[in-house]
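Asker: no FASTA, just this:
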């Protein structure tokens, strides 16, 4: 059963779960979880179809060709190389599955896609036994599988092809697989991804999209998941002035041939999802591989900050993040200017995610809602916040800032909480008096 989560205005929720509001101070297992988990839907020439797959940084380094169809050094892996510079887990989904699988007389590609057309089957007589055949599977110039068998029925399918058991093996220098095609990327494929990724937890989502319709779909998804389902993350989009602190509006384009101008989304998704709760990406050096357009004047940079744009600019020979901000520009009594800072969002998301896990696993349906039970919950929340205070993600925290009481119903608990978020320095005003 899915647990409830999100924000509340009155205590009228019907599904058990954790409902947490964050408002500006003017108006209204207790350990810290790690960060560095992101998700992206990808357009790929090879790979698992119709499923979310978990790829760690180690998987990417060791098994890149098996997972994505290309070696780590390939040009088509440049975006993912940028992503994994600053994050360690990717939940990937192939948007363009459903195409045709490449095939020949002896085998069929395991997945659809044009990369299957680079597969070849080589059949040779075994040098030690002329009744046996050496069968090699090659992808590009790499031998990815080799077997010695008496006939096709003895061949075992590998991570690239499924062999045809009824084939007659004959010596061939190289027989390519042909007919592989990529599937179509459309609104249905995006929605299928969003439906499947609902079950996962992550710190950031990125989408390399130029379509306004697609970007609007992802904005709506992020807002619904944050506010109705309690799943706290930020989505990185290219040139989308969403005016919402759950959306990071990246505006730099890349100039690389063969890549969409939105390809810097890979790197930014990595730094948004991988940045520690007590750190900021402000002034961070771009360490990726794309040719980033940084042709901005000082006036344009000032306007970008005012407009809630995440922008990289040139500082000497380096490219750096100007300000670690999200797309929020409109302030309200509930969400003032502090919510424009991504460091603030990291802190409140950390609190929401950690306390939700704590409550849903330790307290929900287990601990009685009496004074002793509420004191236990209070103690765990205080312990959690003291860790945030120790690492300087929040400051001036006091035990009295957390109050736990019984709610309007016998089963409900009401927590009021006050935190002061620490943000990194970004301006120096200095007066020197010389006598």
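Answerer: Ah, there it is. Owing to the predicted nature of the structure, the values given are computational and were not obtained by experimental measurement.

Asker: Please identify the helix or strand for residue 196.
Answerer: helix 187-197 (DSSP states H and E).

Asker: Residue 278 now?
Answerer: Using DSSP H and E, no helix or strand contains residue 278.

Asker: phi, psi of it?
Answerer: Residue 278 adopts backbone torsions of phi -100, psi 20, taken as degrees, to the nearest 10.

Asker: Enumerate every residue touching it.
Answerer: 388, 391-393, 422 (C-beta atoms under 8 Å, 6 or more residues apart in numbering). Heads up, the C-betas are built off the backbone N, CA and C, glycines and all.

Asker: what's downstream of the helix or strand containing residue 91, the next helix or strand?
Answerer: If you go by DSSP H and E, residue 91 is part of strand 89-94. Going down the chain from strand 89-94, the next helix or strand is strand 107-109, by DSSP H and E.

Asker: rewinding a little: may I see the buried residues of the helix holding residue 196?
Answerer: 189-190, 192-194, 197 (16 or more other C-beta atoms under 10 Å).

Asker: mean confidence for that helix?
Answerer: Throughout helix 187-197, pLDDT has a mean value of 96.

Asker: Who does whatever helix or strand comes next after that helix pair with, and is each partner parallel or antiparallel?
Answerer: Note on helix 187-197: by DSSP H and E, the next helix or strand toward the C-terminus is strand 204-206. As defined by DSSP bridges, the strand partners of strand 204-206 come to strand 37-42 (parallel), strand 234-238 (parallel).

Asker: before we move on, back to that, contacts for the helix holding residue 196 next, please.
Answerer: Against helix 187-197 from outside (C-beta under 8 Å, 6+ apart): 39, 41, 50-52, 91, 93, 95-97, 183, 205, 213-214, 217-218, 221.

Asker: What are the boundaries of the helices in the stretch 151-300 of the chain?
Answerer: Assigned by DSSP state H, counting those that start in this stretch, the stretch 151-300 of the chain shows helices spanning 187-197, 212-227, 265-274, 298-306.

Asker: Tell me how many other residues surround residue 399.
Answerer: Neighbourhood size, residue 399 [other C-beta atoms under 10 Å]: 12.

Asker: now do residue 329
Answerer: Counted with other C-beta under 10 Å, residue 329 comes out at 17.

Asker: Contacts only, for it.
Answerer: Residues in contact with residue 329 (C-beta under 8 Å, 6+ apart) are 241, 243, 306-308, 340.

Asker: picking up where we left off before, deepest in the core, which of the helices of the stretch 151-300 of the chain is it.
Answerer: helix 265-274 (a mean of 27; mean count of other C-beta atoms under 10 Å).

Asker: Any regions of this structure where pLDDT drops low?
Answerer: Residues of the chain that meet the criterion pLDDT under 70 lie in 1-4, 7-16, 20-30, 424-429.

Asker: Need the single longest helix in it, by residues.
Answerer: helix 371-390 (DSSP state H).

Asker: Strands of the stretch 301-435 of the chain, start to end?
Answerer: Using DSSP state E, counting those that start in this stretch, the strands found in the stretch 301-435 of the chain span residues 309-310, 312-315, 318-321, 394-395, 402-406, 413-417, 420-421.

Asker: most tightly surrounded among those?
Answerer: strand 309-310 (a mean of 26).

Asker: Buried residues in the strand holding residue 91, which are they?
Answerer: In strand 89-94, counting by 16+ other C-beta under 10 Å, buried: 89-94.

Asker: farthest-separated two in the contacts of residue 329?
Answerer: 241 and 340 (13.2 Å; C-beta to C-beta).

Asker: neighbour-wise, which of the two wins?
Answerer: residue 340 (21 against 14).

Asker: Just checking the distance from stretch 219-238 to the centre of its chain.
Answerer: Relative to the centre of its chain, stretch 219-238 is centred 12 Å away, using C-alpha atoms, centre = their mean, to the nearest Å.

Asker: and the end-to-end length of it?
Answerer: Terminal residues of stretch 219-238 are spaced 12 Å apart (C-alpha to C-alpha, to the nearest Å).

Asker: Grab the nearest non-local neighbour of residue 311.
Answerer: Distance criterion C-beta to C-beta, 6 or more residues apart in numbering; nearest residue to residue 311, sequence neighbours excluded, is residue 304 at 4.5 Å.

Asker: Wait, the one you found touches residue 252, no?
Answerer: No: judged on C-beta atoms under 8 Å, residue 304 makes no contact with residue 252 at a distance of 9.8 Å.

Asker: so what sits against both of these two?
Answerer: residue 311.

Asker: quick one on the thing from earlier: just send the strands paired with strand 204-206 back as TSV, with mean neighbour count and distance to residue 127 too.
Answerer: TSV is the format used below for the strands paired with strand 204-206 (neighbours: other C-beta atoms under 10 Å; distance: least, C-beta to C-beta, whole Å):
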stretch	mean neighbour count	distance to residue 127
strand 37-42	24	43
strand 234-238	28	55
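
Asker: which one of those strands lies closest to residue 358?
Answerer: Nearest to residue 358, of the strands paired with strand 204-206 and by C-beta to C-beta, is strand 37-42 at 18.2 Å.

Asker: I'd like to know which elements the next helix-or-strand element following that closest one is packed against.
Answerer: Later in the chain than strand 37-42, the nearest helix or strand by DSSP H and E is strand 52-56. Strand 52-56 sits against strand 89-94, helix 187-197, with contacts defined as 3 or more C-beta pairs under 8 Å, 6 or more residues apart in numbering; DSSP states H and E.

Asker: Of all those, which one is nearest residue 398?
Answerer: strand 89-94 (35.0 Å).

Asker: what angle separates the closest one from helix 187-197?
Answerer: Using axes from the mean of the first three to the mean of the last three C-alpha atoms, to 10 degrees, the inter-axis angle of strand 89-94 relative to helix 187-197 is 150 degrees.

Asker: Run the chain-centre distance for strand 89-94.
Answerer: For strand 89-94, the distance to the chain centre is 7 Å (C-alpha atoms, centre = their mean).

Asker: on contacts alone, who are the packing partners of that strand?
Answerer: strand 37-42, strand 52-56, helix 187-197.

Asker: quick one, that strand and strand 52-56 angle?
Answerer: 140 degrees.

Asker: Contacts made by strand 89-94 with the rest, please.
Answerer: Under the contact criterion C-beta under 8 Å, 6+ apart, strand 89-94 has outside partners 36-44, 47-57, 60, 80, 83-84, 193, 196-197, 200, 202.

Asker: what's the angle from it to helix 265-274?
Answerer: Using the same axes, to 10 degrees, strand 89-94 lies at 140 degrees relative to helix 265-274.

Asker: Partner strands of strand 89-94 and their direction?
Answerer: Using DSSP bridges, strand 89-94 pairs in its sheet with strand 37-42 (parallel), strand 52-56 (antiparallel).
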